[in-house]
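Peer 1: pasting the sequence and the predicted coordinates here, then a few questions.
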Amino acid sequence: MGFYVLGLGAVGTLIAYHLRATLPPSQSVTLIHKSYKNAWAAHRRCRGVLSVETSGVIQKCGGFQVEVLEKHDRPGTGVVFNPSLSREQTSNYIPTPDAIHTDPIEAVFVTARMIKTTELLSQLLPRLNANSTVVLFQNGMGIFEELVQQVFRNPETRPNFILASNTNGAWLKGTGHVVYANHGSLEFGIVSDPRRRDFEASLTDETKPKYERHLSLDDITRPGDPSYDQYRGLRDTVAALNSLDALGAKWSPIADVQNAMRRRLVVDAVIEPLTALMGCRNGALFRDRGSVNILQHVCKEASEVFRAQLEKDTESWLDALDPDVDPRQVPVERMPSELEAEHLSEEVRRAARRRGNISTMLFDITHGRPTEIQYLNGYLVGLGKQLGIPTPVNMTLCNLVHMRRAVPEERRL
């Protein structure tokens with residue numbers, strides 16, 4: 001089994017390090033670089049070794065494979081990085097046949113920026129098939145739907161998808177060197193199978209009391225299953241994620257993961273644009289009535305959107321029941337309390353108490369990079385339009401961030 005990591009920022013470096021430190025040598029971990037220039041620069045700085053720094057203590061791990069995307073005409077082809085080449089030699093380098101990889105990718109952990117994810121996975125598309133597994137680690141929402149609409153349109157050939165909600169805090173001190181600042185959790189779940197396999201069957205096993213029901217790898221597949229080859233990679237990927245105890249990894253039902261992602265979305269939809277607009281650290285927020293008002297309105301709009309979304313999903317589920325089932329006799333879950341506006345507001349405040357943190361959007365603005373506002377407040381605005389829920393404050397924040405980015409740093413008074 002081989003695992004690829006696409007996106008080598010703080011989270012990608014942290015994930016890659018712990019995968020390599022935890023998994024046996026028989027399971028490869030490959031770092032993907034978009035260009036040979038990037039791969040060479042990374043090798044020069046860290047020599048194939050990733051470092052994680054926690055409270056001043058640095059731990060290192062090597063043994064990674066490295067592939068580059070740009071050096072071949074055939075889409076999706078990975079070229080094995082040759083560290084013996086100088087930076088000048090890489091510009092004219094023609095890879096030998098044994099350095100060219102076109103074999104299918106069994107599992108790819110995507111930690112790249114959301115605005116780059118669709119483009120990067122489109123490049124890898126020839127090596128991804130129904131037996132592959134794609135793990136999405138982004139904290140915003142809407143990227144999975146975007147990939148299904150633009151890249152993986154055919155459900156029969158679509159890879160298996162895992163969504164992950166990561167609250168571990170980390171920042172990149174240098175290439176290949178990440179500082180693990182805040183210990184959190186890594187909750188993940190498997191997206192429902194378009195081929196209708198139930199990955200959570202053990203949770204509804206009526207032969208066991210509820211306290212004995214747990215998610216099981218055998219619900220994904222097991223030896224002897226006629227579809228074992230198709231789902232083996234998914235099973236192995238879930239097992240690998242579950243082994244990341246140092247990151248607080250937990251396999252949960254996909255509905256629970258989606259709710260965790262909704263909560264994290266609201267945290268980012270408040271803190272990211274406000275810090276970017278005000279040019280301040282997270283801890284400077286909510287000391288004044290203005291930012292508190294915005295906090296309350298964003299949380300209220302988000303809660304109303306989530307309520308309408310869950311009600312619509314419940315209606316669709318009830319409509320799909322067998323005709324002989326009386327929908328009035330089917331227990332229906334209520335809106336989770338953690339998605340109510342007051343709970344969301346408190347979660348945002350807790351996150352902002354990490355006073356020294358600098359938000360990603362503030363970093364993007366100050367460095368002239370595109371922001372990911374469309375996957376935060378923009379997602380809430382778009383979903384609100386679909387469901388008939390007005391989101392004026394979220395729309396205003398989107399517009400203000402776009403305006404702020406249109407004014408370069410050097411032109412500010």
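Peer 2: Great, that's in hand.
Peer 1: hey, where'd the helices end up in the stretch 101-250 of the chain?
Peer 2: Counting by DSSP state H, counting those that start in this stretch, the stretch 101-250 of the chain has helices at residues 114-124, 143-150, 228-242.
Peer 1: tell me which of the ones you listed is the most buried.
Peer 2: Ranked by mean neighbour count, the helices of the stretch 101-250 of the chain are led by helix 228-242 with a mean of 20 (mean count of other Cβ atoms under 10 Å). C-beta coordinates here come from the backbone N, C-alpha and C atoms, glycine included.
Peer 1: any stretches of the stretch 201-350 of the chain with poor pLDDT?
Peer 2: Residues of the stretch 201-350 of the chain meeting the criterion pLDDT under 70: 317-333.
Peer 1: okay, strands next: where are they in it?
Peer 2: Under the criterion DSSP state E, counting those that start in this stretch, the stretch 201-350 of the chain contains strands at 249-251.
Peer 1: check the burial of Cys61 by counting its neighbours.
Peer 2: 18 (other Cβ atoms under 10 Å).
Peer 1: ok, it - contacts?
Peer 2: 17, 20-21, 49-52 (Cβ atoms under 8 Å, 6 or more residues apart in numbering).
Peer 1: how far away is the nearest residue to Arg232 once chain neighbours are set aside from Lys208?
Peer 2: Leaving aside its sequence neighbours, Arg232 sits nearest to Thr221 (Cβ to Cβ, 6 or more residues apart in numbering; 6.1 Å). According to Cβ to Cβ, to the nearest Å, Thr221 and Lys208 sit 21 Å apart.
Peer 1: ok, those two, which is more surrounded?
Peer 2: Neighbour tally, Thr221 and Lys208, criterion other Cβ under 10 Å: the higher count belongs to Thr221, 21 against 12.
Peer 1: span of stretch 27-36 from start to end?
Peer 2: Using Cα to Cα, to the nearest Å, the end-to-end distance of stretch 27-36 comes to 24 Å.
Peer 1: with distance to Val401 added, can I get the helices of the stretch 101-250 of the chain in JSON lines?
Peer 2: Formatted as JSON lines, the helices of the stretch 101-250 of the chain follow (distance: least, Cβ to Cβ, whole Å):
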{"stretch": "helix 114-124", "distance to Val401": "13"}
{"stretch": "helix 143-150", "distance to Val401": "18"}
{"stretch": "helix 228-242", "distance to Val401": "33"}
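Peer 1: show the pLDDT at Arg47.
Peer 2: At Arg47, the predicted lDDT confidence score is 89.
Peer 1: count the neighbours of it for me.
Peer 2: Residues near Arg47, counting by other Cβ under 10 Å, number 10.
Peer 1: also the one 5 residues further on?
Peer 2: Under the neighbour criterion other Cβ under 10 Å, Val52 is assigned a count of 22.
Peer 1: distance-wise, check Gly142 relative to Met114.
Peer 2: Separation of Gly142 from Met114 (Cβ to Cβ) stands at 8 Å.
Peer 1: are any of the contacts of Cys61 buried, and which?
Peer 2: Buried by 16 or more other Cβ atoms under 10 Å: 17, 20-21, 49-52, out of those.
Peer 1: among those, which ones are in helices?
Peer 2: Secondary structure from DSSP state H places 17, 20-21 of the buried ones among the contacts of Cys61 in helices.
Peer 1: on that earlier part again, reformat the contacts of Cys61 as CSV; add distance to Thr102.
Peer 2: Formatted as CSV, those follow (distance: Cβ to Cβ, whole Å):
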residue, distance to Thr102
Tyr17, 28
Arg20, 24
Ala21, 29
Val49, 28
Leu50, 26
Ser51, 32
Val52, 32
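Peer 1: quick check: phi and psi at Ser28.
Peer 2: phi -80, psi 150 (degrees, to the nearest 10).
Peer 1: and what of His33?
Peer 2: Phi and psi for His33, reported as degrees, to the nearest 10, are phi -110, psi 140.
Peer 1: that one: what's it in contact with?
Peer 2: 8, 39, 42, 66-69, 81.
Peer 1: TSV for those, including secondary structure, neighbour count and distance to Asn92?
Peer 2: What follows is those, written out as TSV (DSSP: H, G, I helix; E, B strand; the rest coil; neighbours: other Cβ atoms under 10 Å; distance: Cβ to Cβ, whole Å):
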residue	secondary structure	neighbour count	distance to Asn92
Leu8	coil	24	25
Ala39	helix	26	16
Ala42	helix	19	20
Val66	strand	18	19
Glu67	strand	20	19
Val68	strand	26	15
Leu69	coil	21	18
Phe81	coil	25	16
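Peer 1: which two among the residues you listed are spaced furthest apart?
Peer 2: Ala42 and Leu69 (13.9 Å; Cβ to Cβ).
Peer 1: residue nearest the middle of this protein, spatially speaking?
Peer 2: For the chain, Phe137 is the residue whose C-alpha lies nearest the centre (Cα atoms, centre = their mean; 1.7 Å).
Peer 1: verify the stated contact: that residue with Ala112.
Peer 2: No: the pair Phe137 and Ala112 does not pass the contact test of Cβ atoms under 8 Å, sitting 9.0 Å apart.
Peer 1: how near is the residue nearest to Asp193 when sequence neighbours are not counted to Leu274?
Peer 2: In this structure, Asp193 finds its nearest non-sequential neighbour in Phe199, 6.5 Å apart by Cβ to Cβ, 6+ apart. Separation of Phe199 from Leu274 (Cβ to Cβ) stands at 38 Å.
Peer 1: quick check: the residue nearest to Arg232 touching Thr237?
Peer 2: No: Thr221 is beyond contact range of Thr237, at 11.8 Å (criterion: Cβ under 8 Å).
Peer 1: what's across from the nearest residue in space to Met261 that is not next to it in sequence in the sheet?
Peer 2: Nearest non-adjacent residue to Met261, counting by Cβ to Cβ, 6+ apart: Ser165, 4.9 Å away. Beta bridges link Ser165 to Glu187 when assigned by DSSP bridges.
Peer 1: what's the neighbour count on the closest residue to Arg349 other than its chain neighbours?
Peer 2: Distances taken as Cβ to Cβ, 6+ apart place Phe286 nearest to Arg349, at 6.1 Å, with adjacent residues excluded. Phe286 is flanked by 20 other residues according to other Cβ under 10 Å.
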